[in-house]
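> kindly generate the corresponding structure for this input.
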Amino acid sequence: MLDKKKSIIGVACGGYSSEKDISLKSGFTVYNELSRSGWKVFLLIINDDEWYIKTSDIEKIKFSKNDFSFNYNKKNYKFNVIFNAVHGQPGEDGELAILLDSKNIPHTSCNFSAANLTYSKKDCLIEAKKFNIATAKSIYIDSEDKLIESEIINEIGLPCFVKANKAGSSFGVYRVSDKKMLRPSIKNAFKEDSQVVIESELKGREVSVGVYKDIDGIKCLPVTEIISENEFFDYEAKYLGKAIEITPAQIPNEWIDSVIKTSIYLYKKFNLKGICRSEYIFVDDIPHLLEINSVPGLTEQSIVPKQCKAAGISLNLFFEKLLIEAINKN
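Numbering: from 1, shown residues only. Below is the predicted model:
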C-alpha cells in the first residue's frame, strides 16, 4: 500500500512524438494535483537525448534509467511508482512499460502488448472487428506501396479520412472530400508514421468514453459528446476551443448503455490498465469504434478531467486511485 509520507512518485511526461508539448501539460496537471494532496512527487522529463528530473524552470537533475534513481538535496531517491503521462512514444506504444516491468516498477498504464496494440489504429481496429465491434470501412497502406487513388476511392468512397497509423491528438489526420486531396493528405500523414489508415467517413454523433479500474473494479466516467466546429475533431477542436464537449452526453439512454458496455468489454478483452479513452461515432444507433487511447490527455482542455468533474471526482483523488491500482496490479 502506498504511504504518502514515504512513497516517491514519478510523473513521466514529454516523449519523442508530436504530442510532446501536450504530454508535458498533462504531466504538470498530474504533478500539481498529487503535490497538492501531499504526495512526494517528481516530474520525470523524457526527451530523445536525455531523461531528467525537473524541480524548477532552471534545474535539471540527472536521472539513471538503470535503477530509476536520482540524487536530490544530497539524498538518493528511487521511484515507488510511475504515473505515465507520456502520449505517443515511448509511453503510449509500450516501450516505457517494457522498461518499467523489467525493473518491477509499478506504473499506471498498460503492459507492452496492450499498449502496442491500441497505439496502432490498424491493429486496434482489426482486433476489435474480431469481437464483432462495428468500425468504419478501412484499408491500410505502407510508405513504399504504390498509390492508385481511383482504387482507394472505389474501395472507401468520398469523403474519407487519412490517418497516420501511430499518432495521436489528431496529428497526421486529414479529411479528404476530393480525389485531388488524397495523395497530398497521404504524403503528409506519412510524415508522422510509415503506415497510414484510410477510412470511410462515418456520419453520426461522436462520443468519448473514459474507462478505468480501481479497487472496486472497472468503471466508466460519464460519456462525453463531441460537436466539432471544424470538419472533424482535429487539433484545433481538441485544444483550441473549436468544439463543444457535452458531459454527460445528451444522447439516448440506450446509446449510453451500449457504448459503456462496449468500452468495458474492450477494456477487458484488450487487457487495458489505468485510464483509457475510447472514441466512437453512432451510426444507425450502433457505436462504431474509431480508436482507443491508452494514455489520454490530462490537460485542462482534455476530456478525462472534465468527465471526472461531471462524475464528482476530484482530480487528485482520481489520480490517487490510479496510483493505488498500479500498486495492486503489480
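> what's the separation between the closest residue in space to residue 295 that isn't next to it in sequence and residue 195?
Nearest residue to residue 295, sequence neighbours excluded (CB to CB, 6 or more residues apart in numbering): residue 92, at 4.4 Å. C-betas here are computed from N, CA, C, even on glycine. Here residue 92 is placed at a distance of 16 Å from residue 195 (CB to CB, to the nearest Å).
> that older thread, give me the number of residues near the residue nearest to residue 295?
Residues lying near residue 92 (other CB atoms under 10 Å) number 28.
> and it, which of the three is it?
Look at residue 92: counting by DSSP: H, G, I helix; E, B strand; the rest coil, its state is coil.
> again, but for residue 185
Residue 185 - assigned by three-state DSSP - is helix.
> just checking, it touches residue 163?
No. Proximity of residue 185 to residue 163 does not meet the contact threshold set by CB atoms under 8 Å, at 9.6 Å.
> more neighbours: those two, which one.
More neighbours surround residue 163 than the other of residue 185 and residue 163, with 26 against 21 (other CB under 10 Å).
> other SSEs contacting the helix or strand harbouring that one?
Secondary structure assigned from DSSP states H and E places residue 163 in strand 160-164. Applying 3 or more CB pairs under 8 Å, 6 or more residues apart in numbering; DSSP states H and E, one finds that strand 160-164 contacts strand 173-176, helix 179-189, strand 195-200.
> mind listing the strands it pairs with, and their directions?
Using DSSP bridges, the strands paired with strand 160-164 are strand 173-176 (antiparallel), strand 195-200 (antiparallel).
> can you redo the ones you listed as a markdown table with mean neighbour count and distance to residue 86?
Below are those laid out as a markdown table (neighbours: other CB atoms under 10 Å; distance: least, CB to CB, whole Å):
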| stretch | mean neighbour count | distance to residue 86 |
| --- | --- | --- |
| strand 173-176 | 21 | 20 |
| strand 195-200 | 22 | 21 |
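> closest to residue 9 out of these?
The closest of the strands paired with strand 160-164 to residue 9 is strand 173-176. By CB to CB, the value is 33.4 Å.
> what does the closest one contact?
For strand 173-176, contacts defined as CB atoms under 8 Å, 6 or more residues apart in numbering pick out 158-164, 167, 181-182, 185, 188-189, 201, 231-232, 234.
> among those, which ones are buried?
Among those, those scoring as buried are 160-164, 167, 181-182, 185, 188-189, 201, 232, 234 (criterion: 16 or more other CB atoms under 10 Å).
> doesn't residue 293 make contact with residue 92?
Yes. Here residue 92 reaches residue 293: they are 7.5 Å apart, a contact under CB under 8 Å.
> follow-up on the earlier one: using CSV, list the CA coordinates for the strand holding residue 163.
Provided in CSV are the C-alpha atoms of strand 160-164 (Å, rounded to 0.1, in the frame of the first residue of the first chain):
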residue,chain,number,x,y,z
CYS,A,160,-12.8,9.7,-46.3
PHE,A,161,-10.2,10.1,-43.6
VAL,A,162,-6.5,9.7,-44.0
LYS,A,163,-4.8,8.9,-40.6
ALA,A,164,-1.2,8.3,-39.6
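> could you shift the numbering so residue one becomes 44, and keep it that way?
With the count now opening at 44, the last piece we talked about shows up as strand 203-207.
> check the offset of that strand from the chain's centre.
18 Å (CA atoms, centre = their mean, to the nearest Å).
> rewinding a little: same list (the helices and strands packed on strand 203-207) but as a markdown table, adding mean pLDDT and distance to residue 254.
As requested, the helices and strands packed on strand 203-207 are exported to a markdown table (pLDDT from 0 to 100; distance: least, CB to CB, whole Å):
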| stretch | mean pLDDT | distance to residue 254 |
| --- | --- | --- |
| strand 216-219 | 88 | 23 |
| helix 222-232 | 90 | 28 |
| strand 238-243 | 93 | 23 |
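> mean confidence for the helix or strand that contains residue 157?
Residue 157 belongs to helix 155-162 when elements are defined using DSSP H and E. Per-residue pLDDT values over helix 155-162 give a mean of 96.
> ok, and what's touching that helix?
By CB under 8 Å, 6+ apart, the surrounding residues in contact with helix 155-162 are 135-138, 140-141, 144, 152-153, 166-167, 170, 209, 313-316, 319, 334-338.
> tell me which of those fall in strands.
Within those, residues falling in strands by DSSP state E are 319, 334-336.
> neighbours of residue 227, how many?
Neighbour number of residue 227 under other CB under 10 Å is 12.
> show me where the stretch 244-373 of the chain has its strands.
Secondary structure of the stretch 244-373 of the chain, counting by DSSP state E, counting those that start in this stretch: strands at 248-257, 260-263, 267-271, 286-289, 319-326, 329-336.
> which strands and helices sit next to the second one?
Contact partners of strand 260-263 among helices and strands, from 3+ CB pairs under 8 Å, 6+ apart: strand 248-257, helix 296-312.
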